[in-house]
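Engineer: Starting from these lines, generate the structure:
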Amino acid sequence: MRILQVFRSPVGGLFRHVYDLAKAQSQLGHEVAVICDANTGGDAATARLKELEAFCTLGVIRIEMSRLPGLGDAISARRVAEIGKGRDFDIVHGHGAKGGAYARFAASRMGAKAIYTAHGGSLHYSWVSASGAIFLGVERMLLPHTDGLVFVCDYERRTFDEKIGIGSVAHTVVHNGLWPDEFEPVKLVKDPTDILFIGELRQLKGVDVLINAIARHPGVTATIVGDGPDRETFEKLSDDLGLSNQITFTGAIPAKDAFGLGRLMVIPSRAESFPYIVLEAIAAHKPLIASDVGGIGEILSPDCMVQADHIDALSAKVGTYLDNPDAVEKAAEKRANHLKMHKNTSNMASEICAFYLACLERTDACSNAA
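Structural biologist: This is a model prediction of the structure:
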């Protein structure tokens, strides 16, 4: 197949998903192109997109894409259609609200099938707010122009159906996957802390819940990796609780370099969809505790999860690990081996490509019947 992947911002988990999907689809023998924003992501995005050029035989193209809705969206959508016109794309797969809108506008003008993955996006909004009503209204308006929906977890599928409605649109759930070289146990540094957090430092990630839980375990140490708008608030909380000698804030460090800094990985988020950090931690053989939010329960067993925003529950679960770390670490190794077999990039790309083909065949069958 000839596949065009469209998204706006080459940063974060959405970019990682598109990068991995495009690369894996190329390795399966498909011809792939990528279109994204020209002004987002800085040098890191530029370097990463340069790597992708080796796999995207139909090109990596950057155009102007505004972050906020506006008149520029019409120009960008037409530009995507112009780039794809006459290039015989079979599939245009849009990611995120902007990428999804541009892809569905362009696909109809290119004679291609339009596939959409929300990656949260508009699903974070509610119909009760003015902005939410606009974003969700646009999603509902675009649904008749969608040939297929790909969800990265069943939680995202359920949320989409509740807020927008799937109706008769073909859809599938395909979890993200990792590359074979990511499935390696990470060696701990010489003096690791007991607990490790990796993520953006904002209230949504529940770092304050973790700090309060640590305070209930005298002498327990933690490394908090990341940066964000609430870093000073969390550092002050740590100081106020007398934990400044037990908790280290490192700033942002790549996850693969940070995994060795602590023994037990904790993801205390108040809300998530299907975060890559959970997959990466499992692949690195990290013992893991995470909040039971979003799609995390689709990959983690109940014994690894706690109720979100619940200090007592998290403190108790941390205590379970501290009482018997060997058992928890053996369970982590078993999870890693299972994940390697089932949640890899090759399987992810194969399942999504099979869905593309089903959408193409479905349309052909409808045409023949008519």
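
Engineer: buried set for the lengthiest helix in the chain?
Structural biologist: If you go by DSSP state H, the chain has its longest helix at helix 345-369. Across helix 345-369, burial judged by 16 or more other C-beta atoms under 10 Å covers Thr345, Met348, Ala349, Ser350, Ile352, Cys353, Phe355, Tyr356, Cys359, Leu360. Quick note: C-beta positions are derived from backbone N, CA and C, even for glycine.

Engineer: nearest to Ser108, of these?
Structural biologist: Cys359 (14.2 Å; C-beta to C-beta).

Engineer: what ranges of this structure fall below the confidence cut-off?
Structural biologist: 363-370 (pLDDT under 70).

Engineer: can you give me the helices in it?
Structural biologist: 12-27, 42-52, 72-84, 96-110, 130-142, 154-163, 207-214, 231-240, 255-258, 276-283, 311-323, 325-342, 345-369.

Engineer: What residues of the shortest one count as buried?
Structural biologist: Neighbour-count burial for helix 255-258 flags Ala255, Ala258 (criterion: 16+ other C-beta under 10 Å).

Engineer: which secondary structure elements does that helix contact?
Structural biologist: In terms of contacts (3 or more C-beta pairs under 8 Å, 6 or more residues apart in numbering; DSSP states H and E), helix 255-258 is packed against strand 193-198, strand 222-225, helix 276-283.

Engineer: now it: how far from the chain's centre is it?
Structural biologist: Here helix 255-258 is found 17 Å from its chain centre; the criterion is C-alpha atoms, centre = their mean, to the nearest Å.

Engineer: do the fifth one as well
Structural biologist: Between the centre of helix 130-142 and the centre of its chain there are 22 Å (C-alpha atoms, centre = their mean).

Engineer: So which elements touch it?
Structural biologist: On a contact count with 3+ C-beta pairs under 8 Å, 6+ apart, helix 130-142 meets helix 96-110.

Engineer: So what touches the helix it packs on?
Structural biologist: Identification of contacts with helix 96-110 by C-beta atoms under 8 Å, 6 or more residues apart in numbering yields 4, 6-9, 14, 35-36, 65, 73, 76-78, 80-81, 84-85, 87, 89, 92-94, 112-119, 121-122, 135, 138-139, 142, 145-147.

Engineer: Pull out the buried residues from these.
Structural biologist: For those, buried by 16+ other C-beta under 10 Å: 4, 6-9, 14, 35-36, 65, 73, 76-77, 80-81, 84, 89, 92-94, 112-119, 121-122, 135, 138-139, 142, 146-147.

Engineer: How many neighbouring residues does the residue lying closest to Asn344 once chain neighbours are set aside have?
Structural biologist: Leaving out its chain neighbours, the residue that sits closest to Asn344 by C-beta to C-beta, 6 or more residues apart in numbering is Gly177, at 4.5 Å. Using other C-beta atoms under 10 Å, Gly177 has 24 neighbouring residues.

Engineer: Got phi/psi on Gly177?
Structural biologist: The phi/psi pair for Gly177 (degrees, to the nearest 10) reads phi -130, psi 170.

Engineer: my guess is it contacts Lys340, does it?
Structural biologist: No. The criterion here is C-beta atoms under 8 Å, and Gly177 misses it with Lys340 at 9.8 Å.

Engineer: Check which helices and strands the longest helix of the chain sits against.
Structural biologist: Helices and strands touching helix 345-369, by 3+ C-beta pairs under 8 Å, 6+ apart, are helix 12-27, strand 91-95, strand 113-117, strand 148-151, strand 171-173.

Engineer: could you redo the last one with a cut-off of 6 Å?
Structural biologist: helix 12-27 (3 or more C-beta pairs under 6 Å, 6 or more residues apart in numbering; DSSP states H and E).

Engineer: And the contacts of the helix it packs on?
Structural biologist: Residues external to helix 12-27 that are found in contact with it (C-beta atoms under 6 Å, 6 or more residues apart in numbering): 3, 5, 7, 32, 34, 52, 55-56, 95-96, 119, 176, 276, 345-346, 349.
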